[in-house]
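**Student:** Model the following, please.
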Amino acid sequence: MNPQSPATPVRYTLIAAAVAFGLGITTSANAAGKAPAPQAHSDSVRVVSDIWITTKVKSDILGDSVSKGFHVSVATTHGVVVLKGLLANQDAIDHVRDIVEKVDGVKSVDTSGLTVTVAKAS
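**Tutor:** Here you go, the predicted structure:
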């Protein structure tokens, strides 16, 4: 795969999700019969959930024709998705927000970091 490909960030996110999930299993297995602290378990579940949401959002945005040719970064914390980048117009920003709101687990979407590109006069 070309390292400059837009799919590369998605691949890295999937790898991170797999590693985070694997660490959660390893931690539980290393407890040698001791029940893990509930907070540690819920934190690891939240992190995996946030990683899954970020991965799904990136995938859906990359697969949508409205965002083709534009770069939108995605970060998720506690189900709140923050988008940053440039899009063609306000309708594109609204469309991307609609895409993100449909992803399971998304509590809210912050699009304040998305801006409209300014067309250069020829």
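**Student:** What ranges does this protein have for its helices?
**Tutor:** Assigned by DSSP state H, the chain shows helices spanning 7-30, 38-62, 90-101.
**Student:** Mind checking the pLDDT average for the first one?
**Tutor:** The average pLDDT for helix 7-30 rounds to 52.
**Student:** cool, and the last one?
**Tutor:** For helix 90-101, the mean pLDDT works out to 96.
**Student:** Val82 contacts Thr54, doesn't it?
**Tutor:** No: if you go by Cβ atoms under 8 Å, Val82 and Thr54 don't touch, sitting 9.9 Å apart. From N, CA and C alone the C-beta is placed, and that goes for glycine too.
**Student:** So Ser49 is in contact with Val106, correct?
**Tutor:** No: using Cβ under 8 Å as the test, Ser49 is too far from Val106 to be in contact (10.4 Å).
**Student:** Now the common contact residues for these two.
**Tutor:** Taking Cβ atoms under 8 Å, 6 or more residues apart in numbering as the contact rule, the neighbours common to Ser49 and Val106 are Gly79.
**Student:** how many other residues sit next to Val80?
**Tutor:** Val80 has 14 neighbours, counted by other Cβ atoms under 10 Å.
**Student:** Test for you: state the pLDDT assigned to it.
**Tutor:** Val80 is given a pLDDT of 96.
**Student:** How about Thr111?
**Tutor:** So, for Thr111, pLDDT stands at 97.
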